[in-house]
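>>> here is my input, please return the structure:
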Amino acid sequence: MEPTLNWLADPEVFAVNRETAHSDHICTVNGQQLKQSLNGTWKFRYTQQPALRPADFYLPQMDCADFDDIQVPGHIQLQGYGKPQYVNTQYPWEGYEQLTPPQIPQKHNPVGSYIRYFNVDTALLGKETFLSFQGVETAFFVWLNGHFVGYAEDSFTPSEFRITPYLQEKNNKLAVEVYRYSTASWLEDQDFWRFSGIFREVYLYAIPRIHVRDMHVTADYNYENGCGTLSVQTDIIGDTSYQAQLTLTDANGQTVLQVNAANGTFALPKVHPWSAERPYLYTLHITLLCKDTIAETAETMVGFRRFELKNGIMCLNGKRILFHGVNRHEWNAHHGRCITEADMLQDILTLKQNNINAVRTSHYPNQTQWYRLCDAYGIYLIDETNLETHGANTLVPASRPEWLGAVLDRARSMFERDKNHPSVLIWSCGNESDCGDDIAAMAAYFHEADPTRLVHYEGLFWRREYDHITDMESRMYAKPHDITAYLEQRTGKPYISCEYMHAMGNSLGGMHLYTALEDAYEAYQGGFIWDYMDQSLYKDGKLVYGGDFDDRQTDYGFCTNGIVYGDRRCSPKIQEVKQLYSSLRMELKNGLLTIDNRNLFTDTSGYVFCITLAQEDQVLGKENHRLTIAPGMKGTIHTSLQILEGDGEYVFTVSAQLAEDTPWAKAGHELAFAQEIITRKEKKATPVSAEAEVAWGGFCVGIHGKDFSMLFDYKEGGLSSLVYKGVEYITRVPNISFFRAFTDNDRGAGYPHAMAQWQMAGKYPKLRSDAIEKQLLSDRLEITFVFDTPTVPSFAYKVRYTAWFDGHLDVEAQYPGVKGLGSIPVFAMDWKLKQQLNAFTFYGLGPDENYIDRCSGARLGVFSSTAKENLTPYLNPQECGNRTSVRYVRVYDAEGKGLQFTAANQPFEMSVLPYSAYELDHALHLEELSAPTYTWLRLAAKQMGVGGDDSWGAPVHEEFLLPSEYPMTLAFTITPL
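Alright, predicted model coming up:
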């Protein structure tokens, strides 16, 4: 067969000479895999159009010495050719060529021409040999030694070709021609960076004359009696004169089953079940013998489990399962979707350490090693077909017969490879591709091929005539009230949120409203946060987002939605995820700890419950407890720690920790926490008798006492100088602010327009110079300033300073409450301090950034940081670094000199940053912010939540807004350190 470029634009041609898909079991001969890696340096030529490509480069006589070098695996666009492009819904050619399916770009369709010279390893010589590409984007032709080998599409499942007739012992010339666009591009419109190239590994493998080509293993667990049923079906090719031996060994290497067969169904009296909590794996070996000599051994891991619908509820091993999940793209900020096993393992550890038990492989099958790690460490998977047609979802695939073959092929390729992995619980038909007969056929295929798993597809929400094709109701970004409405009237299907909590920038507010549904409705079985990791890329040593490579069209920072950053560091958002996803719920009350063990299969014998009693940063007592509570049960512990005497605030904290090392965390790792706060009267400052001098002037008034001096400016309307022991601490009069640097969610919800007046209210108030109130008393000076705002309607707010003769300063700001101005972003006072005051310690909710709708994972305590460290590195600068329920904050320099701001009647919110809200709001990238010259302290009576239902229109939930009609007061005391 002669290859033709016409295949690129033909949706019915997606594989030529490609081997049929098979399981990913491991075969060895004499303990070694007959495998030869072709990864490494290849020769390469890049051209912008097919007409410009070196068409005959594959011929043996064509000299390719002048070709460039390129690394395989790797993306072409990240190795100096063309440029990466980030788009979400739209196709990458929008605005350049007007195309309708199945047309492909003609003006710009870059081609990568790859050459790899190799000699065949001795172990492979003389054997049937295949060439395996684990991932090539999006379409490619293959030649070996001048012979056409094959053609394939589908970027995310293996393409394998038989090459025995063309292979020679030495000096083989492998040629691969990769096209950026093909009809496959219409099916791969995922929300990700658009690349091309050979981005997963390439290798040769040989098979002996008897070979286990495929294994289909099901391992059912009868949770009523603890017995297992192992079913094995193999496809053995080659010489028919063989004997087979099947051996199953447990995790300790002990044989639990051995029979002279390669196929069959076998009952096992007692087995250890597999779950994410206890991922127990057996090893299955199929040994093929020829004349009593081992010809080949095939191996795969086995997990006994039963996943099913019981009375409309998804159950694993008989227990209602909850998916505490994330959507996850394969990603590395240096290499794009070309990731390593080390990347995968780091992700696994982060997931496990933060109580995340499930991953949706959005929106394509991942590398094989990912599934092996999920089997071994315990992660539930929704395995998703490589299908998304978001930008043309009513046209492709719909019910069009020309797309049916490609759609089913993608499903079959994923299923055949991944079918033996116990971690895969659900097959997904793809993402955001509307619905029609083609996807219905895919769902039918999954149901017929695998009755041991369930089938998922969200798109039928838009086509209810296809409601019957899936086993669960799945929606993305449905609000809690919408989910509740469904659950109140559901007709049988369980519910999952396949995407929720759009974690773009400073987000994830209101997550607890979703996890609360798990208790309220049995049929609500969790969800998958969007998403796990920022899809940011390094450029000149900086993490960047869409558009920063001059890629147009683009969707800019919409690729930065992770709970971890692109460099795999955890963001502050994960603090919330960890607590809300924990399977331990604890409550401390009156010295009694109640523990609700919500694990399905694990008791608490492996945990230590560490209880501490503290007053601010002083630990008054500590004790450790061990208690075995069965799965799904509750238990109690009485603490002997007591508050003996003294006024003030005391905090009991319980920390549930691992008692011993696990494969994913060390002993002492915290799984969950709870606190009880007890107040025994409020500490009252004892008045100190002191004398001070008050100096009245026409422009200001000053108060001067022992080791302090304060000036209040009549023109600026506030404190213009604050000196303790000869050190000036402020640079300008602190100002009232109603504005915050808008978050990504704020922008998506239209708040910059709706709340524009509040920016002006704080930036351009007018001081009532004739309304300054001054009162000198025996031990203090009181001065009050009144400001009018430029809002419509206008209102007046007051700021009162009380300067005590002993040197401390009380500040009170009052917002009166005004109808008709919508919601207020924040009511705060901003302090522009000397830059050297860049360290801070606070007593409040921490340690990480938190907000009124994202504080379930924060705990009350004393924590320290710096202004620089507190600048959360969201790639698009925005509001960040806030702490709630703050009792006091100390801001100080390297010598410990500084100021303490102590809440008066109610705790305040607080941030310490190297930049003002206005500077953050004006910057598009962190590197646009100049070197810090000040430290900005913000004290807020209250700030609205950050939201997170989605980032393109969802408002912050009403209970976390600040309605303009409600008055607010910010009151605190300043003292020197």
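
>>> shaky segments in the protein?
Residues of the chain meeting the criterion pLDDT under 70: 682-687.

>>> the same query, at a cut-off of 90, please.
1, 239-241, 291-292, 462, 490-492, 644-647, 680-690 (pLDDT under 90).

>>> residues contacting the helix ranked longest in the chain, please?
The residue-count maximum for a helix in the chain (DSSP state H) belongs to helix 401-418. Contacts to helix 401-418, defined as C-beta atoms under 8 Å, 6 or more residues apart in numbering, come from residues 11-12, 14-15, 20-24, 102, 153-154, 157-158, 183-184, 187, 214, 365, 368, 371, 383, 385-387, 396-397, 424, 427, 429-430, 437-439, 441-442, 445-446, 449-450. (Glycine included, C-beta is placed from N, CA and C.)

>>> narrow these to those in helices?
Members of the contacts of helix 401-418 lying in helices (criterion: DSSP H): 183-184, 187, 368, 371, 437-439, 441-442, 445-446, 449.

>>> domains of this protein?
35-207, 212-302, 319-579, 583-680, 692-976 (automatic domain parsing).

>>> would you reformat the ones you listed as a markdown table and include distance to M1?
Listed next are the domains of the chain as a markdown table, based on distance: least, C-beta to C-beta, whole Å:
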| stretch | distance to M1 |
| --- | --- |
| domain 35-207 | 7 |
| domain 212-302 | 23 |
| domain 319-579 | 18 |
| domain 583-680 | 49 |
| domain 692-976 | 47 |
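
>>> just name the most buried of these.
Each of these was scored by mean neighbour count; the highest is domain 319-579, a mean of 21, by mean count of other C-beta atoms under 10 Å.

>>> which parts of this protein are helices?
183-187, 341-353, 368-377, 401-418, 437-449, 480-489, 511-515, 517-520, 573-580, 744-748, 751-754, 756-763, 867-870, 917-922.

>>> dihedrals phi and psi, P365?
Main-chain torsions, P365, degrees, to the nearest 10: phi -60, psi 140.

>>> for the residue lying closest to it once chain neighbours are set aside, give its distance to P73.
Nearest residue to P365, sequence neighbours excluded (C-beta to C-beta, 6 or more residues apart in numbering): M414, at 4.6 Å. For M414, the distance to P73 (C-beta to C-beta, to the nearest Å) stands at 20 Å.

>>> repeat for S964
S964 is 56 Å from P73, by C-beta to C-beta.

>>> repeat for S583
Per C-beta to C-beta, S583 is found 37 Å from P73.

>>> again with G820
Distance, G820 to P73, by C-beta to C-beta: 60 Å.

>>> test my guess that T791 contacts Q759.
No - T791 is beyond contact range of Q759, at 10.2 Å (criterion: C-beta atoms under 8 Å).

>>> common neighbours of those two, please.
Residues touching both T791 and Q759 (C-beta under 8 Å, 6+ apart): none.

>>> which residues touch the closest residue to V142 other than its chain neighbours?
In this structure, V142 finds its nearest non-sequential neighbour in V149, 4.1 Å apart by C-beta to C-beta, 6+ apart. V149 is in contact with N17, L131, V142, W143, F161, I163, Y166, counting by C-beta under 8 Å, 6+ apart.

>>> return stretch 503-523 as PDB; C-alpha atoms alone will do.
The C-alpha trace of stretch 503-523 is given here as PDB (Å, rounded to 0.1, in the frame of the first residue of the first chain):
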ATOM      1  CA  ALA A 503      -9.200  26.300  40.800                       C
ATOM      2  CA  MET A 504      -8.000  29.100  38.600                       C
ATOM      3  CA  GLY A 505      -5.800  31.500  40.500                       C
ATOM      4  CA  ASN A 506      -7.000  32.400  44.000                       C
ATOM      5  CA  SER A 507     -10.000  30.100  44.100                       C
ATOM      6  CA  LEU A 508     -11.600  27.100  45.700                       C
ATOM      7  CA  GLY A 509     -13.900  29.100  47.900                       C
ATOM      8  CA  GLY A 510     -17.100  27.300  48.900                       C
ATOM      9  CA  MET A 511     -15.700  23.800  48.400                       C
ATOM     10  CA  HIS A 512     -17.300  22.800  51.700                       C
ATOM     11  CA  LEU A 513     -20.700  23.400  50.200                       C
ATOM     12  CA  TYR A 514     -20.100  20.500  47.900                       C
ATOM     13  CA  THR A 515     -18.500  18.000  50.300                       C
ATOM     14  CA  ALA A 516     -21.400  18.600  52.700                       C
ATOM     15  CA  LEU A 517     -23.600  17.000  50.000                       C
ATOM     16  CA  GLU A 518     -21.900  13.700  50.700                       C
ATOM     17  CA  ASP A 519     -23.600  13.500  54.100                       C
ATOM     18  CA  ALA A 520     -26.900  15.000  53.000                       C
ATOM     19  CA  TYR A 521     -27.500  12.700  50.000                       C
ATOM     20  CA  GLU A 522     -26.400   9.100  49.700                       C
ATOM     21  CA  ALA A 523     -26.500   9.400  45.900                       C
END
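
>>> beta partners for the nearest residue to T802 once chain neighbours are set aside?
Distances taken as C-beta to C-beta, 6+ apart place D810 nearest to T802, at 3.9 Å, with adjacent residues excluded. Beta bridges link D810 to T802, T973 when assigned by DSSP bridges.

>>> still on that earlier bit, show me which of the contacts of V149 is closest to Y934.
Using C-beta to C-beta, V142 comes nearest to Y934 of the contacts of V149, at 60.8 Å.

>>> touching, the closest one and V176? I think so.
Yes - look at V142 against V176 with C-beta under 8 Å: they come within range, at 5.5 Å.

>>> list the contacts of the nearest residue to Y495 once chain neighbours are set aside.
In this structure, Y495 finds its nearest non-sequential neighbour in E473, 4.6 Å apart by C-beta to C-beta, 6+ apart. In this structure, E473 makes contact with Y486, R490, K493, P494, Y495, I496, judged by C-beta under 8 Å, 6+ apart.

>>> repeat that for 7 Å
The neighbourhood of E473, defined by C-beta atoms under 7 Å, 6 or more residues apart in numbering, consists of Y486, K493, P494, Y495.

>>> and those residues, which is closest to I294?
Distances from I294 to the contacts of E473, taken by C-beta to C-beta, are shortest for P494, at 46.9 Å.

>>> separation between that closest one and C338?
From P494 to C338 the distance is 36 Å (C-beta to C-beta).

>>> same deal with C880?
C880 sits 31 Å away from C338, taking C-beta to C-beta as the criterion.
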